[in-house]
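1. predicted model and sequence follow; I will ask about them next.
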Amino acid sequence: MPDAIVLSEFAGIGMPDWVDALIRLVFIVALMTINALALIYLERKVLARFQARVGPTRTGPVGILQSAADALKLLTKEDVRPHSADRWVFELAVFFVFVPVFLMFIPIPFTETWFIRDLELGFLYVFAVLGLNIVGVIMAGWGSDNKYALLGGIRAAAQAISYELPMLLAAAGVVMIAAGHLLDGGLVGGALNLNTIVDQQRTTPYLLLQPLGFVIFMIGALAEMHRPPFDMPVAESEVVGGYFVEYSGIRWSMFFLAEYTGLFLMVMLGSTVFLGGWNFPFGEDAGLGLQIVLTLAKASALIFLLFWLRAMFPRLRIDQLMAFSWKVLLPFALLQVLANGVILAYGGPDWVVALVSLALLVSLVALIYVLMRTKAGGDSIHLEPARPRLVTSTEVAPGD
Amino acid sequence: MAEQVVMTEPVAVEREFQTVDMNINMGPQHPSTHGVFRMVLTVDGEVVKDVIPYIGYLHRGAEKLSEALDYRGSLGFQDRTDYLAAFCNEWVHVNATERLAGIEAPERAEYVRLILSEFNRVLSHLMFAGAFGTDVGFFGTAFTWAFKERELIQDFFEAVTGDRMMYNYFRVGGLAWEPHETFVEDGHWLVERLRAGVADLDALMTRNEIMIARCRDVGVLSAEDAVNHGVTGPMLRASGVAFDLRVDEPYSIYDRFEWDIPVGDRGDVYDRFLVRMEEMRQSLRIVEQALDQMPGGGPIVAEGLPARLRPAPAEIYQRQEGPRGEYGIYMVSDGSDKPWRMKVRSPCFHNLSALKQMTIGSYIADAVIILGSVDIVLGEVDR
């Protein structure tokens, strides 16, 4: 397992550790900004195509400078704070949203050697830091002194609590398999290291072994990032933007920056854990250039999937969202963990794990399908031939 | 000696978890109140406990103004009451005036009026589907898909009348001018195109699992309540009452066509959506038959119309089936060239009265889609 690339060696000059760390931080910030600008532009373009529009076209060739122009506009706008807002809570909330996302970057492997730090418990760390995000959201909701913001903040809290659990359990399934494989190779531990997890997927990405895990993970990621169909905290047609309704200018843009960085990180995590990151399908011998292309291609595919879902799905209601998590996703995630445990304990081969997970996924989809069809209750409207007729009182008021 | 202290049994104090109700002001600038409608929701957490609707932000006094203009001059106001169904309203107005003055429009004009009004119904329902999609949470996809088709209808209307929204095309006794030459062919093309468009929307929305979860059994209105509230149109039919003025009080030439009235069984939001989707298909059926039957030539305006209409003193109430329900005009003539009294019975105003009953006990998110399912047009509520 190679170590993280050392910048001083890479650049061929000696530098103290703090310079090294600083360069890494600058790299994160630059990546965050460029990523957010690019993703916003791409999302607008992709959604526009789904919606029979063309999207931004006026700013630069094919509108490519649109996000940059928007960013400039936001930076020059006045930073308004409502008179009755709780000053410190309101102003600090942004950072509580921003910093956890920033911290999440650290263990994400872009290639075999490109990451900020190789954390032994990287997987756990990502989820732990992700959970902090919600503090800022609640602060924003509470500090704005706005009822819509409050509703949005509380919704976000309920959502985060509900969806982190199935998401973690889905990820736990992967870790179990990775640990099993490592144990077969004579290694104890290391299964929570993201780079090790990628390394394990040389021949088979975990998507094939844990399809249910992947689906639950992506649903959890959607909910975590407040993406449709789980965007109640920011639902425009209900709470008009939710917790950041009172923010403007640079603070508002920082929320957006955090949101799109979070999106990017979630798909990076998804591609690392389930799609084999930089590894599959070319193996670990793939060169640095190919590895980064692989990682980004997989992440892009997932991002496109999220855009697609956004275009094609309406929004769930808050109680349905909670019910879906606690009554459907959580039991299925637990079942998968249980099944993995039993199979691995008795030394079952990988294809059994895959088959069980696939069976669970099929039953999950079937369950939703059947439930909703039952709820819809077949054709509830019927057609009455329109023949001229007289109105009778019994027809107008049944029950009288 | 100290007195003996008597220990009393500790009294069990019941403490309920106290929650504070919150008033949320939704509108008039809220994105999903469809115009300048305002409702104050009293919520306990996410559950709506009370709704107070406020209307009147768009009141322009169209009824009173109509009394200051002659019978033909006030036609323009009808375009602006329910601006999504301008042809349907114009038709009510000219029909009312024609009945009052004893004029009969030529057959060809009736066909053109009917075709345009039915297209207008489709246009209005498309707008409903799009806006409702946004309410339910489709990020604009339903909206743009619906508007794509709606644009085609507007193009067609523009070809006929020269305007995309405020047509002012019907006249007392006929039409303003001859429709363009390719009226029938364009109409047939449009019908085919709209069928595909409605099927697209259907595929996007109707069977969507989340859509079903959101809309089924939400905002239920029983047939009895619907009738008691004076609810008409698709909302009434979704509640299970097969009442359609085109059939129950046939006017114009509706008795010449074959079509079906969609009637819902449960009266919830989902039924209202389904009924409207089906009504679009049925309207297209009517239009297709009308285009086939339409006489190729002939006058479009009745002959011998007086320069100034001075109907004999009488009163009249003409009601017709608009996209939202019973649109009626009550006119009183005193023998002069202006109506002495003019009153519009707008369907949305009455449909909106059932809002409170439908909304209480549901979630905030439901309140939005229930309001969406009423399909209000504020211009017509406030007039």
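-> It's in.

2. quick one: mean pLDDT over stretch A:30-46.
-> With pLDDT averaged residue by residue, stretch A:30-46 scores 88.

3. list of residues touching that stretch?
-> A:55-56, A:62-64, A:66-68, A:70-71, A:101-102, A:105, A:256-257, A:260-261, A:263-264, A:303-304, A:307-308, A:310-311 (C-beta atoms under 8 Å, 6 or more residues apart in numbering or on different chains). For glycine as for every other residue, the C-beta is placed from the backbone atoms N, C-alpha and C.

4. roughly how far out does that stretch sit from the chain middle?
-> 15 Å (C-alpha atoms, centre = their mean, to the nearest Å).

5. quick one: contacts for the residue of the stretch 151-300 of chain B found nearest chain A?
-> Going by C-beta to the nearest C-beta, chain A is nearest to B:Asp260 of the stretch 151-300 of chain B, at 3.7 Å. Each residue near B:Asp260 by C-beta under 8 Å, 6+ apart is listed here: A:383-386, B:282.

6. against A:Ala156, how distant is it?
-> B:Asp260 is 46 Å from A:Ala156, where distance means C-beta to C-beta, to the nearest Å.

7. just the buried ones from the contacts of stretch A:30-46?
-> A:55-56, A:63, A:66-67, A:70-71, A:101-102, A:105, A:256-257, A:260-261, A:263-264, A:303, A:307, A:310-311 (16 or more other C-beta atoms under 10 Å in any protein chain shown).

8. which among the residues you listed are in contact with chain B?
-> A:310-311 (C-beta under 8 Å from any C-beta of the partner chain).

9. re the thing from before, check which helix or strand covers the nearest residue to the residue of the stretch 151-300 of chain B closest to chain A once chain neighbours are set aside.
-> Counting by C-beta to C-beta, 6 or more residues apart in numbering or on different chains, B:Asp260 lies nearest to A:Leu383, which is 3.7 Å off, once chain neighbours are set aside. For A:Leu383, the host element (DSSP states H and E) is strand A:381-385.

10. likewise A:Arg117?
-> Going by DSSP H and E, A:Arg117 is not part of any helix or strand.

11. and for it, the neighbour number?
-> The tally of other residues near A:Arg117 (other C-beta atoms under 10 Å in any protein chain shown) stands at 12.

12. could you find the closest non-adjacent residue to it?
-> A:Ile106 (5.2 Å).

13. on that earlier part again, neighbours of the residue nearest to B:Asp260, just the number please.
-> Other residues close to A:Leu383 by other C-beta under 10 Å number 15.

14. from A:Trp308, how far off is the residue of the stretch 51-200 of chain A found nearest chain B?
-> Nearest to chain B, among the residues of the stretch 51-200 of chain A, is A:Gln51, at 3.9 Å (C-beta to the nearest C-beta). From A:Gln51 across to A:Trp308, the span is 12 Å (C-beta to C-beta).

15. quick one: low-confidence parts of the chain?
-> I went with chain A, as the question did not name one. A:1-14, A:283-284, A:286, A:378-380, A:386-400 (pLDDT under 70).

16. switch to chain B, please.
-> Applying pLDDT under 70 to chain B flags residues B:1-15.

17. find the nearest non-adjacent residue to the residue in it that chain A sits nearest to, please.
-> At 2.6 Å from chain A, B:Gly137 is the closest residue in chain B, using C-beta to the nearest C-beta. Counting by C-beta to C-beta, 6+ apart, the nearest residue to B:Gly137 once its immediate chain neighbours are dropped is A:Arg315, at 2.6 Å.

18. I'd assumed A:Pro233 was in contact with that neighbour.
-> No: here A:Arg315 does not reach A:Pro233: they are 10.7 Å apart, not a contact under C-beta atoms under 8 Å.

19. find the residues that touch each one of these two.
-> By C-beta under 8 Å, 6+ apart, no residue touches both A:Arg315 and A:Pro233.

20. quick revisit: surely the residue of chain B closest to chain A touches A:Val234?
-> No: in terms of C-beta under 8 Å, B:Gly137 does not count as a neighbour of A:Val234; the distance is 11.1 Å.

21. neighbour count winner among the two?
-> B:Gly137 (27 against 22).

22. how close does the more buried one sit to B:Asn120?
-> Where B:Asn120 is concerned, B:Gly137 sits at a distance of 28 Å (C-beta to C-beta).

23. phi, psi of the spatially closest residue to B:Ser362 that is not a sequence neighbour?
-> Computed as C-beta to C-beta, 6+ apart, the closest residue to B:Ser362 that is not its neighbour in sequence is B:Val48, at 5.7 Å. B:Val48 adopts backbone torsions of phi -80, psi 130, taken as degrees, to the nearest 10.

24. which stretches in the stretch 301-400 of chain A count as helices?
-> Remark: helices assigned in the stretch 301-400 of chain A by DSSP state H, counting those that start in this stretch are A:318-323, A:330-345, A:350-376, A:393-396.

25. partner strands of the strand holding A:Leu383, with direction?
-> With DSSP bridges as the criterion, the sheet partners recorded for strand A:381-385 are strand B:260-264 (antiparallel).

26. hey, C-alpha coordinates of stretch B:267-287 in PDB?
-> Output of stretch B:267-287 as PDB, limited to C-alpha atoms (Å, rounded to 0.1, in the frame of the first residue of the first chain):
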ATOM      1  CA  GLY B 267     -62.600  12.900  -4.300                       C
ATOM      2  CA  ASP B 268     -58.900  13.300  -3.300                       C
ATOM      3  CA  VAL B 269     -56.200  15.300  -4.900                       C
ATOM      4  CA  TYR B 270     -55.100  12.400  -7.100                       C
ATOM      5  CA  ASP B 271     -58.600  12.000  -8.500                       C
ATOM      6  CA  ARG B 272     -58.800  15.600  -9.400                       C
ATOM      7  CA  PHE B 273     -55.500  15.300 -11.200                       C
ATOM      8  CA  LEU B 274     -56.700  12.100 -13.100                       C
ATOM      9  CA  VAL B 275     -60.000  13.700 -14.000                       C
ATOM     10  CA  ARG B 276     -58.300  16.700 -15.500                       C
ATOM     11  CA  MET B 277     -55.900  14.500 -17.400                       C
ATOM     12  CA  GLU B 278     -58.800  12.600 -18.800                       C
ATOM     13  CA  GLU B 279     -60.700  15.700 -19.600                       C
ATOM     14  CA  MET B 280     -57.900  16.800 -21.900                       C
ATOM     15  CA  ARG B 281     -58.200  13.700 -23.900                       C
ATOM     16  CA  GLN B 282     -62.000  14.000 -24.000                       C
ATOM     17  CA  SER B 283     -61.800  17.600 -25.100                       C
ATOM     18  CA  LEU B 284     -59.500  16.600 -27.900                       C
ATOM     19  CA  ARG B 285     -62.000  13.900 -28.900                       C
ATOM     20  CA  ILE B 286     -64.700  16.700 -29.100                       C
ATOM     21  CA  VAL B 287     -62.400  18.900 -31.100                       C
END
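
27. and that stretch, is it in reach of chain A?
-> Yes: residues of stretch B:267-287 contacting chain A under C-beta under 8 Å from any C-beta: B:270-271, B:274-275, B:278.

28. which of those sits closest to B:Ser74?
-> Ranked by distance to B:Ser74 (C-beta to C-beta), these are led by B:Val275 at 32.3 Å.

29. what's the helix or strand for the closest one?
-> Since the elements are taken from DSSP H and E, B:Val275 ends up inside helix B:269-293.

30. buried sites along that helix?
-> Neighbour count says helix B:269-293 has B:269-291 buried, by 16+ other C-beta under 10 Å.

31. what's the burial count for residue 339?
-> Since no chain was named, I'll use chain A. Around A:Ala339 there are 20 other residues, counting by other C-beta under 10 Å.

32. ah, I was thinking of chain B
-> Neighbour tally, B:Pro339, other C-beta under 10 Å: 28.

33. once you drop chain neighbours, what's closest to it?
-> B:Met331 (4.8 Å).

34. pretty sure that neighbour sits in a helix.
-> No: counting by DSSP: H, G, I helix; E, B strand; the rest coil, B:Met331 falls outside a helix, being strand.

35. output the set of residues of the stretch 101-250 of chain B in proximity to chain A.
-> B:133-141, B:143-145, B:148, B:204-205, B:207-214, B:216-217, B:222-224, B:227, B:238, B:240-244, B:246-250.
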